[in-house]
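1. just a sequence and a predicted model for now, questions to come.
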Amino acid sequence: MTQDELKRLVGQAAADYVLSNVADGAVIGVGTGSTANCFIDALAPHKRRYRGAVSSSVATTARLEQHGIKVFDLNEIESLPVYVDGADEIDPTGAMIKGGGGALTREKIVASVAEIFVCIADASKRVPVLGGFPLPVEVVPMARTAIGRRLTAVGGVPVLRVTNDGAPYITDNGNEILDVKNLRIDDPRAFEVAVNAWPGVVTVGLFASRGADFCLLGTESGVETIDYGAHR
Ligand code: 5RP
């Protein structure tokens, strides 16, 4: 199977999970990226069962609305039974690197409110240790260089994310992203706490304190369900 086929497989598996486990009338938390898009497309035919969704990005809002799914502001919502999102890497404890699509801040906010975080990923995203994928760090633009120095001091190689025309990539929140190469993140929780504390960091794309509860992983032999309950 191609990577796209695996993404569609887990998108459908996540929709099946929601349809079987989330009560009618609920609002669903929805992530960002190509795998999350597969989930949106698989859930869309059943949209009348749910009140709508809370979105993690401008791009996801557009896709939800194209399907006629109502998008709520998180401030209007008291609880979210589930949040479904992809990942750039996921380790054996359910800790993830996220933000390859630039939506890490809103993803982390929506995930923090949800009762259950379902990660959907193709098998290439499963790793023994996080850090092979450059770690996205969203920064307030005036802090870019100061944060870059701190990241270099801990052994990373920060690279400012740019668009195809070479301009700085700007997030939905008006900030910039440093993609940090050359990291081996043996203690994701501690590193998340440390980097988050640096003034000027908006969000580090480590999802460890609030990692996934389980992962629907697309493999050649089908969808594997990996439960991280013991690590939470
Ligand atoms: C976006 C994300 C995505 O979930 C992550 O980049 C995976 O994307 P894809 O499903 O396209 O491989 O964190 O900010």
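-> Yes, it's here.
2. so where is the protein shaky, pLDDT-wise?
-> Applying pLDDT under 70 to the chain picks out residues 232.
3. for the ligand, what are the nearby residues on it?
-> Proximity of the chain to the ligand, by CB under 6 Å from any ligand atom, involves residues 31-36, 85-88, 98-104, 107. Where C-beta positions appear, they are placed from N, C-alpha and C, glycine not excepted.
4. check which helices and strands the longest helix anywhere in the chain is in contact with.
-> The longest helix of the chain (DSSP state H) is helix 3-21. Applying 3 or more CB pairs under 8 Å, 6 or more residues apart in numbering; DSSP states H and E, one finds that helix 3-21 contacts helix 34-43, strand 80-85, strand 114-122, strand 214-219, strand 222-227.
5. need phi/psi at the closest residue to Val139 other than its chain neighbours.
-> Spatial nearest neighbour of Val139, excluding adjacent residues (CB to CB, 6 or more residues apart in numbering): Ile147 at 4.9 Å. When quoted as degrees, to the nearest 10, the phi and psi of Ile147 stand at phi -70, psi -40.
6. on that earlier part again, save the helices and strands packed on helix 3-21 as a markdown table, and put in mean neighbour count too.
-> What follows is the helices and strands packed on helix 3-21, written out as a markdown table (neighbours: other CB atoms under 10 Å):
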| stretch | mean neighbour count |
| --- | --- |
| helix 34-43 | 23 |
| strand 80-85 | 24 |
| strand 114-122 | 23 |
| strand 214-219 | 22 |
| strand 222-227 | 14 |
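7. ok, Pro136 touching Met96?
-> No: using CB atoms under 8 Å, Pro136 is not in contact with Met96; the gap is 11.5 Å.
8. comparing these two, which residue is more hemmed in?
-> Met96 (31 against 26; other CB atoms under 10 Å).
9. so what's that one up against?
-> Each residue near Met96 by CB atoms under 8 Å, 6 or more residues apart in numbering is listed here: Ala87, Asp88, Glu89, Ile90, Cys119, Leu130, Leu206, Phe207, Ala208, Gly211, Ala212.
10. the last one should be in a helix, yeah?
-> No: judged by DSSP: H, G, I helix; E, B strand; the rest coil, Ala212 forms no part of a helix; its state is coil.
11. check contacts around it.
-> Taking CB under 8 Å, 6+ apart, one finds Ala87, Ile90, Gly94, Met96, Phe117, Val118, Cys119, Tyr228 in contact with Ala212.
12. ok, and the closest non-adjacent residue to the third one?
-> With CB to CB, 6+ apart as the measure, Tyr228 is the residue that lies nearest to Gly94, at 3.1 Å, once sequence neighbours are left out.
13. centroid-wise, who is the farthest residue in this structure?
-> Ala153 (26.5 Å; CA atoms, centre = their mean).
14. picking up where we left off before, dump the contacts of Met96 into JSON lines; add secondary structure as well.
-> Shown next, in JSON lines, are those (three-state DSSP):
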{"residue": "Ala87", "secondary structure": "coil"}
{"residue": "Asp88", "secondary structure": "coil"}
{"residue": "Glu89", "secondary structure": "strand"}
{"residue": "Ile90", "secondary structure": "strand"}
{"residue": "Cys119", "secondary structure": "strand"}
{"residue": "Leu130", "secondary structure": "strand"}
{"residue": "Leu206", "secondary structure": "strand"}
{"residue": "Phe207", "secondary structure": "strand"}
{"residue": "Ala208", "secondary structure": "coil"}
{"residue": "Gly211", "secondary structure": "coil"}
{"residue": "Ala212", "secondary structure": "coil"}
